[in-house]
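*Asks:* Mind looking at a prediction? Sequence and model below.
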Amino acid sequence: MARAHGHAKKIAVIGAGISGLSAAWLLSQAHDVVLIEAEPRLGGHANTVLVSGRDGGETAVDTGFIVYNEKTYPNFVALLADLGVATQPTEMSFAASLDDGRLEYSGTSLSGLFAQRSNLASPRFWAMLQGLVRFYRDATRDAQAGHAADMTLGDYLAAGGYGDAFRDDHLLPMAAAIWSAPCSEILGYPAQAFLRFHHNHGLLQLTDRPVWRTISGGSARYVARLRQQFGGSVRLGAPVRQVRRSPNEVLVSGEGWSEHFDEVVFATHADRTLAMLADPDPLEASALGAFRYSRNRAVLHGDEALMPRRRRAWASWNHIGERGRPDAACAVTYWMNRLQGLPETRPFFVTLNPPATLRQEAILHEEVYEHPIFDRAALAAQERLWALQGARRSWFCGAYFGSGFHEDGLQAGLAVAEALGGVRRPWQVRDESGRIPLAPPHELAA
């Protein structure tokens with residue numbers, strides 16, 4: 001380890017998304033922790049918006065992180081239980097509306113699958129379904145056997161003889177919705193990692209898929225509970241401009257302020273972390289500089305025109321796109337009434353990258369979220385990330401350590417807190433850091 005844990009340290013945690021929140025929460029049990037966040041709120045992608053109604057009441061609607069499942073989010077499940085946060089089951093169906101509704105279907109039921117009755121007589125649609133069944137069968141085998149190593153997803157699909165119908169009408173729209181990335185980026189994803197992720201999340205199963213859940217009252221509920229239990233201090237609206245490390249301390253500086261710390265935890269996106277470092281070493285520059293991010297505009301609104309045209313095709317996740325435009329930003333509409341169990345008397349939708357046709361008067365709130373792009377360079381860099389830990393009093397965590405989701409960020413934050421602070425999470429789960437690559441941290445002289 002970098003240093004002995006014999007005394008309390010003054011630690012800066014930069015970034016208050018799931019990684020920073022969890023690291024700061026756990027570290028504050030034994031250390032003096034300052035949680036520093038550029039935004040005026042905590043939570044990162046856990047962002048619940050309160051919408052006022054005509055009756056004076058408010059409806060809590062999530063705009064970023066929405067769902068999790070008990071199979072692949074073990075630490076998050078344990079965290080919610082430890083915090084006493086109530087949750088409820090939700091429905092995770094997928095629909096696609098392509099080319100201005102010329103092709104529409106959903107996976108909600110047979111009625112949804114053939115919501116567009118012409119699908120029954122469409123050879124392309126049946127080719128899509130045949131490709132889907134074959135992919136779900138063969139991809140599971142290939143993921144387990146490692147047959148897709150050193151291939152991109154595009155290479156894998158071409159080698160397997162999957163046609164345009166399955167690729168463009170189903171797989172790419174669904175994957176783009178999951179990773180909030182353009183279809184062209186999805187084709188460049190390493191195939192083995194793509195198949196492994198889908199297998200582990202039950203996405204290659206036609207039946208017996210994981211049960212998904214959402215937080216009752218919005219994800220802000222767990223953020224509030226974490227803040228209540230956090231034993232340190234919080235600074236909001238305080239962007240960090242520079243972090244300068246020396247053998248004896250760390251100097252963290254912002255606009256008109258600076259403060260000395262014993263250690264620093266970077267819980268920000270990889271590119272932002274690298275930009276903060278006054279003098280990154282070659283390993284930091286190489287590992288952190290390998291990650292790219294997609295920027296996605298997320299709009300909370302009530303415009304039904306950004307859902308499939310046929311009501312029977314409506315699902316929880318709805319890809320809205322055009323075939324033949326693989327570089328276009330991912331456009332997906334989340335039906336929040338269904339996802340969060342909200343009354344359907346007033347429709348609530350969150351659309352990523354909505355088209356210009358969105359009615360301005362229907363907009364209730366908007367944000368910009370960034371999501372990591374996991375190409376070959378990023379996945380190779382992940383194997384080097386843990387070697388950065390503890391060097392020059394610096395520690396790193398974030399969802400980019402895994403697959404970019406909440407459990408990944410939580411696992412990274414908890415692992416860093418335990419390695420740095422000599423503290424231990426208050427639960428035990430199987431394979432507690434199974435979604436992030438761990439290795440012995442960098443050794444420094446005492």
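*Replies:* Sure, I can see it.
*Asks:* what are the ranges of the helices in the stretch 251-400 of the chain?
*Replies:* Secondary structure of the stretch 251-400 of the chain by DSSP state H, counting those that start in this stretch: the helices cover 270-276, 282-288, 336-340, 376-385.
*Asks:* Lowest-scoring secondary structure element of the protein by mean pLDDT?
*Replies:* helix 191-200 (a mean of 82; mean pLDDT, DSSP states H and E).
*Asks:* Just name whatever secondary elements that one is in contact with.
*Replies:* Packing partners of helix 191-200 (3 or more Cβ pairs under 8 Å, 6 or more residues apart in numbering; DSSP states H and E): helix 123-145, helix 153-159. To be clear about C-beta, it is placed using only N, CA and C from the backbone, and glycine gets the same treatment.
*Asks:* will you turn those helices into TSV that also has mean neighbour count and mean pLDDT?
*Replies:* Shown next, in TSV, are those (neighbours: other Cβ atoms under 10 Å; pLDDT from 0 to 100):
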stretch	mean neighbour count	mean pLDDT
helix 123-145	16	90
helix 153-159	18	94
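*Asks:* Pipe those into a markdown table and attach distance to Met174 per row.
*Replies:* A markdown table is the format used below for the helices and strands packed on helix 191-200 (distance: least, Cβ to Cβ, whole Å):
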| stretch | distance to Met174 |
| --- | --- |
| helix 123-145 | 10 |
| helix 153-159 | 12 |
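*Asks:* between those helices, which one is nearest to Ala419?
*Replies:* helix 123-145 (30.1 Å; Cβ to Cβ).
*Asks:* that older thread, do you know which of the helices and strands packed on helix 191-200 lies nearest Arg425?
*Replies:* helix 123-145 (29.2 Å).
*Asks:* which other residues reach that closest one?
*Replies:* With contacts defined as Cβ atoms under 8 Å, 6 or more residues apart in numbering, helix 123-145 is touched by 103, 105, 119, 147-148, 156, 160, 162-163, 165-167, 169-171, 192, 195-196, 198-199, 204-206.
*Asks:* Among these, the buried ones, what's the ChimeraX command?
*Replies:* Listed next is the ChimeraX selection for buried residues among these, using 16 or more other Cβ atoms under 10 Å:
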select :103,105,119,147,148,156,160,162,165,166,167,169,170,171,192,195,196,198,199,204
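*Asks:* For Ala445, give me the pLDDT.
*Replies:* In this model, Ala445 is scored at 32, pLDDT.
*Asks:* can you check Thr207 too?
*Replies:* 65.
*Asks:* in the stretch 1-150 of the chain, which spans are strands?
*Replies:* Along the stretch 1-150 of the chain, counting by DSSP state E, counting those that start in this stretch, strands occupy 10-14, 32-36, 48-52, 58-62, 67-69, 87-89, 94-98, 103-106.
*Asks:* Tell me which of the helices of the stretch 251-400 of the chain lies nearest to Ser394.
*Replies:* Closest to Ser394 of those, according to Cβ to Cβ: helix 282-288, at 7.9 Å.
*Asks:* what's that closest one in contact with?
*Replies:* With contact meaning Cβ under 8 Å, 6+ apart, helix 282-288 is reached by 270-271, 273-274, 277, 280, 381, 384-385, 387-388, 391, 394, 396.
*Asks:* ok, now with 6 Å
*Replies:* Residues outside helix 282-288 that contact it (Cβ atoms under 6 Å, 6 or more residues apart in numbering): 270, 273-274, 381, 384-385, 388.
*Asks:* which one of these is nearest Glu370?
*Replies:* Nearest to Glu370 among the contacts of helix 282-288, with distances taken as Cβ to Cβ, is Ala270, at 10.5 Å.
*Asks:* pLDDT (mean, whole number) over stretch 352-366?
*Replies:* When pLDDT is averaged over stretch 352-366, the result is 93.
*Asks:* Measure how far that stretch is from the centre of its chain, please.
*Replies:* Centroid separation for stretch 352-366 versus its chain: 22 Å, with Cα atoms, centre = their mean, to the nearest Å.
*Asks:* And for stretch 177-190?
*Replies:* Its chain's average C-alpha position is 13 Å from that of stretch 177-190, according to Cα atoms, centre = their mean.
*Asks:* which intervals of the protein have sub-threshold pLDDT?
*Replies:* Scanning the chain for pLDDT under 70 picks out 1-6, 203-208, 326-329, 440-446.
*Asks:* any idea how it splits into domains?
*Replies:* For the chain, automatic domain parsing gives the domain ranges 10-45+219-290+377-421, 93-208+304-358.
*Asks:* Pull up the distance across the last one, start to finish.
*Replies:* Distance between the two ends of domain 93-208+304-358: 23 Å, counting by Cα to Cα, to the nearest Å.
*Asks:* Run the chain-centre distance for that domain.
*Replies:* That offset, for domain 93-208+304-358, works out to 17 Å (Cα atoms, centre = their mean).
*Asks:* One more: stretch 33-42?
*Replies:* Counting by Cα atoms, centre = their mean, stretch 33-42 is centred 19 Å from the centre of its parent chain.
*Asks:* okay, the domains of the chain, which one's buried deepest?
*Replies:* Neighbour counts (mean count of other Cβ atoms under 10 Å) averaged over each of these peak at domain 10-45+219-290+377-421, with a mean of 21.
*Asks:* re the thing from before, next, format the domains of the chain as JSON lines and append distance to Arg297.
*Replies:* Shown next, in JSON lines, are these (distance: least, Cβ to Cβ, whole Å):
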{"stretch": "domain 10-45+219-290+377-421", "distance to Arg297": "14"}
{"stretch": "domain 93-208+304-358", "distance to Arg297": "6"}
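*Asks:* hang on, the earlier thing: now for the strands of the stretch 1-150 of the chain, which one comes closest to Glu304?
*Replies:* Evaluated with Cβ to Cβ, the strands of the stretch 1-150 of the chain place strand 94-98 nearest to Glu304, the distance being 12.0 Å.
*Asks:* Which residues does that closest one contact?
*Replies:* With Cβ under 6 Å, 6+ apart, strand 94-98 has contacts from 104, 106-107, 173-174, 308, 313, 315, 317-321, 323.
*Asks:* re the thing from before, ok, which of the domains of the chain comes nearest Ala78?
*Replies:* Minimum separation from Ala78 across these (Cβ to Cβ) falls at domain 10-45+219-290+377-421, 9.5 Å.
*Asks:* end-to-end on the closest one?
*Replies:* 11 Å.
*Asks:* so who does Tyr293 touch?
*Replies:* Contact analysis of Tyr293 by Cβ under 6 Å, 6+ apart lists 370, 372.
*Asks:* Quick one: the strands in the stretch 151-300 of the chain, in order.
*Replies:* Applying DSSP E, counting those that start in this stretch to the stretch 151-300 of the chain gives strands spanning 212-215, 233-235, 240-245, 250-254, 257-261, 263-266, 292-301.
*Asks:* CSV for those strands, including distance to Val332?
*Replies:* Below are those laid out as CSV (distance: least, Cβ to Cβ, whole Å):
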stretch, distance to Val332
strand 212-215, 16
strand 233-235, 33
strand 240-245, 32
strand 250-254, 35
strand 257-261, 39
strand 263-266, 30
strand 292-301, 9
